[in-house]
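Asks: got a sequence here, can you build the structure:
(3 chains)
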Amino acid sequence: MQREMIERAKALLADGTVNRVIGWKAGEFDYDITPAVFTTAEELDAGFLYNDLCAANLSKYLIKESRKEGKILAFLKPCDTYSFSQLLKEHRIWRDHVYVIGVPCEGKVDVDTVKSKGITGICSMRCDGETVRVETLYGEESIKKDEAMADRCLNCKSKKHVVYDELMGEEGDVLDSHRFDMVEKLENMTPDERFAFWRGELSRCIRCNACRNVCPACTCEKCVFDNDASGIAQKAAVDSFEENMFHIIRAFHVAGRCTDCGECSRVCPQNIPLHLLNRKFIKDIDELYGEYQAGADPDTKPPLNTFTQEDAEPSVIYERGGNK
Amino acid sequence: MDRETLIPQVGVVTDIRQDTPDVKTFRVVGLDGKKLFEHIPGQCAMVSVPGVGEGMFSITSSPTNEAYMEFSIKKCGCLTSWLHMIEPDQQVTVRGPYGNGFPVESALKGKDLLFIAGGIGLAPLRSVINYVRDKRENYGKVQIVYGSRSKEDLVDYQEIINEWMKDDGVEVFLTIDREQEGWDGHVGFVPNYVKELNPDLGLTVLMCGPPIMIKFTLAGLKELGFKETQVYTTMELRMKCGVGKCGRCNIGNKYVCKDGPVFRFDQLDELPSEY
Amino acid sequence: MLKLPIAKLDEFFAAIAAKETLYLPVDNEGGQAQYKEWKEGVSLSRALNTVRSAKDFFFPQTENLMEFKTQGKAIEVIDSRKESEDFVIFGVRACDARSFTILDKVFLVDPVDTYYKTRREHGTIISLACTRPEETCFCPLFGIDATEPEGDMRGWMTEDALYLEPVTEKGTALAQALGDLLEDADAAPVEEQKENTKKILEKLPFSKLDMEEFNGDNLLKLFDSPKWAGLSEACLGCGTCTFVCPTCQCYDIRDFNTGHGIQRFRCWDSCMYSDFTRMAHGNPRLTQLERFRQRFMHKLVYFPSNNDGEYGCVGCGRCLSKCPISMNIVKVIKTLGEDK
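Replies: Take a look at the predicted model:
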């Protein structure tokens, strides 16, 4: 697939359809892949990469890239297209300046997951069908691919591309995932248990803002957490509870717009399962307003931005909060 | 016992002078009525209003003034807007002095001096000018070129016409950007005025003003034959600690708060142009 | 050389904790290690290193500096620091142990940062030699010996024993206070462990990077390199690298209205953040390129030029494994180093 993508990118550069290509660039090991913009065939040959380790969602970069001169070619995985489509809906990306090629995704190997299985000193890694072969400083190891993937891929919501100009490889379908299982588990906890769970997780936050900065739904020109006058500016962790508020406020703000791409959890240096907060909102929206997948299509009205007489009454809070 | 660098002293604002529509000069003494600390011309201090913020300001009064310190502050952001609303007897906190200051007792001693200032850029130079005026015997002739948007925007105008202009051996050249009723002085931008005046190449230059003025004036001076080694300026970047540790006011490997704010242009040449 | 049978490790921790607060790396819910206070039942993490570095102990993410009480036009400044207590940090790796020396060069040079200094004086460091370095480790590049870490006391953990060697007066005092627990021992097992670890250290991919370009003579050339644009292109502008870094020490000072007064506190700041240098009238580092460049120029050029050539990096590899876009100091060194 990588070879074909490079050839196609070169052709589109050569015929002037695009003047840049955004994709993934190889690093020092197989897993340390960086999003990058390529402008020449030579650059593509030298560093362009696409494999089961290219995890980054490139959609958010297109906000800035699409505002530049000329058209950019973007290779988007199925779940990236949801973010892209949602950003189009929010008028954040200039569609005319992007040429989208949908590329298939069989689920991405997550190096942190591999490391969590006790494999350390990883110098190289490659996917061999359902097996991931790892070379380490301490010898060779192998691990089954589904043990090497993060939750977002194990519970993939869709292998279908919702926006593209061109497709490469086989098109997939929307999947029946188990992505709300963990949310259900949390819902079934007592409020005290749930509070303890989240305090435990969020207490590790170092307020690095990686989750916010990577999030394709976080596109405010100026974030409230960067506003000195707000009293909650980014670095000011006056007490540990503020860290919790940061994530809760962020989850509220992306509710109805979060496509569940899972980048927040992927980039968190402290392995906080942030995607669970967003999934809770998605599940609630599904239950209260009918099934809704942000980014799935350009037309469906977002339930939190539209009013219908059938909308849930405020009393729902009491009912669902346990005060039935 | 180490000196506490981040914990400030309390100062009392004893007098507030409206200098221009957006510049006020604040006179500050300690709670005991005495000057808070000694300084070198060109040094700065962190002035703060608790709960609002803390900012680095040039001490505009001369060290020869034994009674108080003064800060000329332009209304610009959050802290300065707040300061512009206070009334005399308001307490603020002050810590310092910070930075190197101008080399008034070394490199500048015995020299003929040319001061070039634009707008609020006069504030750090005023400290040197008054120091030199008070120690007249240590310095040669003094020329001051000062420009502003309008007559009303000339900081310390009263002091300039009532004191500086009357001093022997001090020449003051004022200019404003645009023609204005009641102004019969020079009209035009500082860089051009400096070129028109064609100053003596033996002068040592001390310059402060908006970046654009500095850029063009420096170019003009070089055209006239001045060397970068004879031109000093004073810099301003965002600061938090004042002691070279919080990490944000650096230009290359120099911290403006500690190694500056006064630099000679040949020194700046060796540093990245990130200011 | 002193020795403690591994079976007595808990007893050893308990003995220290009975005297002073003891912190050590412990596995957390995220499956990674972090420093926590030792209490009965807490066990030492087997992870190579903690996600957050040990700098927290001396330069915490947030700390209160002072309080202000205001009444009318009057202000009262209150130094609200409490008496500091002694503490012991166990399990500091060689990289983090060296990072303290680098932080000292910032906080303990004139004018001394008294907040930092007090903590430094009260802390005793028991470092622990590495046995299983990660591929991201490159401390040898900075002359750090992972098998012989700095610290007040250094330790080597083998299958059956913890070997300890007091280095400083503080370390010797602690060893004496632990008296009976520790027995004199032959250093042979330690030497064997060192040999084995050194074989792995030899294999580390980044331990011999070419640093010639960063010899202190190229400040402007490096600053003006056109390569910063590509290197910084995908940077998210988050603070992950700076916050997990053991030598990053930039901070912000802020005020917080508690309702009873004003609390002035200091907190970590990041040169990667857009508001780091923003002033009311402008910002000298307008784009992520300038911010990104600042971080690496500081570590590789500015800091060494002010500190006898010592780099502001200890090769712990945290930024390598934690950067969301996998951009890091090694890639910067390699990319810019090509231009010599």
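
Asks: the nearest residue to residue B:141 once chain neighbours are set aside: neighbour count?
Replies: Excluding the flanking residues, the one nearest residue B:141 by C-beta to C-beta, 6 or more residues apart in numbering or on different chains is residue B:112, at 4.8 Å. To be clear about C-beta, it is placed using only N, CA and C from the backbone, and glycine gets the same treatment. Residues contacting residue B:112 under the criterion other C-beta atoms under 10 Å in any protein chain shown number 15.

Asks: with residue C:191 instead?
Replies: Quick note: residue C:191 (other C-beta under 10 Å) scores 13 neighbours.

Asks: same check, this time on residue B:152
Replies: 13.

Asks: same check, this time on the one 5 residues further on
Replies: Other residues lying near residue B:157 total 16 when counted by other C-beta under 10 Å.

Asks: shouldn't it be in contact with residue B:163?
Replies: No - look at residue B:157 against residue B:163 with C-beta atoms under 8 Å: they stay out of range, at 11.1 Å.

Asks: where do the contact lists of the two overlap?
Replies: Counting by C-beta atoms under 8 Å, 6 or more residues apart in numbering or on different chains, no residue touches both residue B:157 and residue B:163.

Asks: sorry, back to before: pull up the gap between the residue nearest to residue B:141 and chain A, please.
Replies: Taking C-beta to the nearest C-beta, to the nearest Å as the measure, residue B:112 falls 45 Å from chain A.

Asks: look at that residue and report its pLDDT.
Replies: For residue B:112, the pLDDT comes out at 95.

Asks: now for it: which residues touch it?
Replies: Contacts of residue B:112 (C-beta under 8 Å, 6+ apart): B:139, B:140, B:141, B:142, B:143, B:200, B:202, B:203, B:204.

Asks: farthest-separated two in the residues you listed?
Replies: Using C-beta to C-beta, those span at most 14.5 Å, a distance reached by B:139 and B:200.

Asks: these two: which is more packed in?
Replies: The residue with more neighbours, out of residue B:139 and residue B:200, is residue B:139; 20 against 11, by other C-beta under 10 Å.

Asks: what helix or strand does the residue nearest to the more buried one when sequence neighbours are not counted sit in?
Replies: Closest residue to residue B:139 apart from its sequence neighbours, by C-beta to C-beta, 6+ apart: residue B:132 at 4.9 Å. Applying DSSP states H and E as the criterion places residue B:132 in helix B:122-134.

Asks: export that helix as CSV, just CAs?
Replies: Extracted in CSV, the C-alpha atoms of helix B:122-134 (Å, rounded to 0.1, in the frame of the first residue of the first chain):
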residue,chain,number,x,y,z
LEU,B,122,12.5,58.2,27.2
ALA,B,123,11.7,56.5,30.5
PRO,B,124,14.9,54.4,30.9
LEU,B,125,17.1,57.2,29.4
ARG,B,126,15.7,59.8,31.8
SER,B,127,17.5,58.1,34.6
VAL,B,128,20.8,58.4,32.8
ILE,B,129,20.2,61.9,31.6
ASN,B,130,19.5,63.2,35.1
TYR,B,131,22.4,61.2,36.5
VAL,B,132,24.7,62.9,34.0
ARG,B,133,23.2,66.3,34.7
ASP,B,134,23.9,65.8,38.4
